[in-house]
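Novice: Sequence and predicted structure are below.
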Amino acid sequence: MDFNTFQNVISKERLKRYVDACDGNKRKGITLYRYNLSLSSEMLKIISCFEVALRNRIDKTLVPILGRDWLRDSCLAGGIFDNPKTNGTKTIICKAYNGLLKEGLYTPTKLMAEMEFGVWKYMFSGPQYYATGQNLLTIFPKKPKSTPFLSIDNKHIFNELDRINQIRNRIAHHEPICFMTHLPKKSVTYAQNEYSRILKLLSWMNIDSRGLLFGLDHVRPICNKIMSI
């Protein structure tokens with residue numbers, strides 16, 4: 001596809017940043033746009049694997065304590081999230097549960113699959129963390145010990161997950177991840193930092209990231225391609 005046709009489809013405003021980052025070279029600008037899509041796709045694969053691992057570890061920890069239907073029960077009257085401080089989480093769970101119930105499809109596993117990443121992130125926010133019994137840090141058996149200068153507590157985990165949630169949402173809204181912040185200059189630092197964060201948290205969960213992501217992880221090669229344009 002020639003540049004003008006491609007630009008008409010993507011939009012001049014959207015493509016301009018990529019062309020500017022390639023010193024006005026239109027062919028390279030299109031290539032950078034496509035590489036950004038490849039990097040976004042690679043990051044989503046990594047995030048998806050991490051999210052499934054995270055939610056399964058949370059479920060495995062809470063089922064013995066709260067029961068097999070803990071997620072459903074949490075949003076019902078008198079449930080652990082049935083209070084003003086956790087109303088946002090309750091609303092999301094209830095909406096998904098009611099939808100599945102209406103269609104006759106409810107199972108604990110299907111309800112878990114309906115949850116967005118933000119629900120699992122907020123399991124480490126203060127109100128949700130205390131409501132579930134302050135047990136969820138146990139899913140990170142290999143995390144470093146807290147020091148007088150850095151507390152590796154539920155708040156720290158929440159902030160780590162929030163960063164991953166941000167890049168996930170950025171990709172989902174078709175925003176680029178191959179530029180310096182607010183500048184039309186190539187940079188893969190943001191993507192690499194979040195990629196490293198995911199690998200770090202997987203290691204804290206005592207999960208072999210190389211084995212988990214074998215054949216799926218092409219983040220580094222795509223980053224190299226972007227910077228070589």
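Specialist: Yep, that arrived.
Novice: Does anything pack onto the longest helix along the chain? Which helices or strands?
Specialist: Longest helix in the chain, counting residues (DSSP state H): helix 26-66. For helix 26-66, the packing partners by 3 or more CB pairs under 8 Å, 6 or more residues apart in numbering; DSSP states H and E come out as helix 3-10, helix 12-21, helix 70-75, helix 108-114, helix 117-122, helix 154-172, helix 189-204, helix 219-228. (Glycine included, C-beta is placed from N, CA and C.)
Novice: Surely residue 143 and residue 151 touch.
Specialist: No: assessed by CB atoms under 8 Å, residue 143 is found out of contact with residue 151, at 11.2 Å.
Novice: ok so, going back, okay, the angle between the longest helix of the chain and helix 154-172?
Specialist: For helix 26-66 against helix 154-172, the angle by axes from the mean of the first three to the mean of the last three CA atoms, to 10 degrees is 140 degrees.
Novice: model confidence over helix 26-66, on average?
Specialist: Per-residue pLDDT over helix 26-66 has a mean of 97.
Novice: do the same with stretch 158-176
Specialist: For stretch 158-176, the per-residue pLDDT averages 97.
Novice: Which positions in it come out as buried?
Specialist: Buried positions in stretch 158-176, judged by neighbour count with 16 or more other CB atoms under 10 Å: 158, 160, 161, 164, 165, 167, 168, 170, 171, 176.
Novice: cool, stretch 19-29 as well?
Specialist: So, applying 16+ other CB under 10 Å, buried residues of stretch 19-29: 19, 21, 22, 26, 29.
Novice: Let's have these in a markdown table, adding distance to residue 125.
Specialist: Below are those laid out as a markdown table (distance: CB to CB, whole Å):
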| residue | distance to residue 125 |
| --- | --- |
| 19 | 41 |
| 21 | 37 |
| 22 | 41 |
| 26 | 46 |
| 29 | 41 |
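Novice: coming back round to it: the more surrounded of residue 143 and residue 151?
Specialist: residue 143 (20 against 11; other CB atoms under 10 Å).
Novice: could you measure the more buried one against residue 172, distance?
Specialist: 28 Å (CB to CB, to the nearest Å).
Novice: Check residue 207 too.
Specialist: Going from residue 207 to residue 172 by CB to CB gives 24 Å.
Novice: likewise residue 187?
Specialist: Taken as CB to CB, the span from residue 187 to residue 172 is 21 Å.
Novice: do residue 95 as well
Specialist: Residue 95 is 19 Å from residue 172, by CB to CB.
Novice: again, but for residue 144
Specialist: As judged by CB to CB, residue 144 and residue 172 stand 31 Å apart.
Novice: quick one on the thing from earlier: want to throw the helices and strands packed on helix 26-66 into JSON lines with distance to residue 129?
Specialist: Shown next, in JSON lines, are the helices and strands packed on helix 26-66 (distance: least, CB to CB, whole Å):
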{"stretch": "helix 3-10", "distance to residue 129": "43"}
{"stretch": "helix 12-21", "distance to residue 129": "39"}
{"stretch": "helix 70-75", "distance to residue 129": "13"}
{"stretch": "helix 108-114", "distance to residue 129": "18"}
{"stretch": "helix 117-122", "distance to residue 129": "9"}
{"stretch": "helix 154-172", "distance to residue 129": "4"}
{"stretch": "helix 189-204", "distance to residue 129": "16"}
{"stretch": "helix 219-228", "distance to residue 129": "30"}
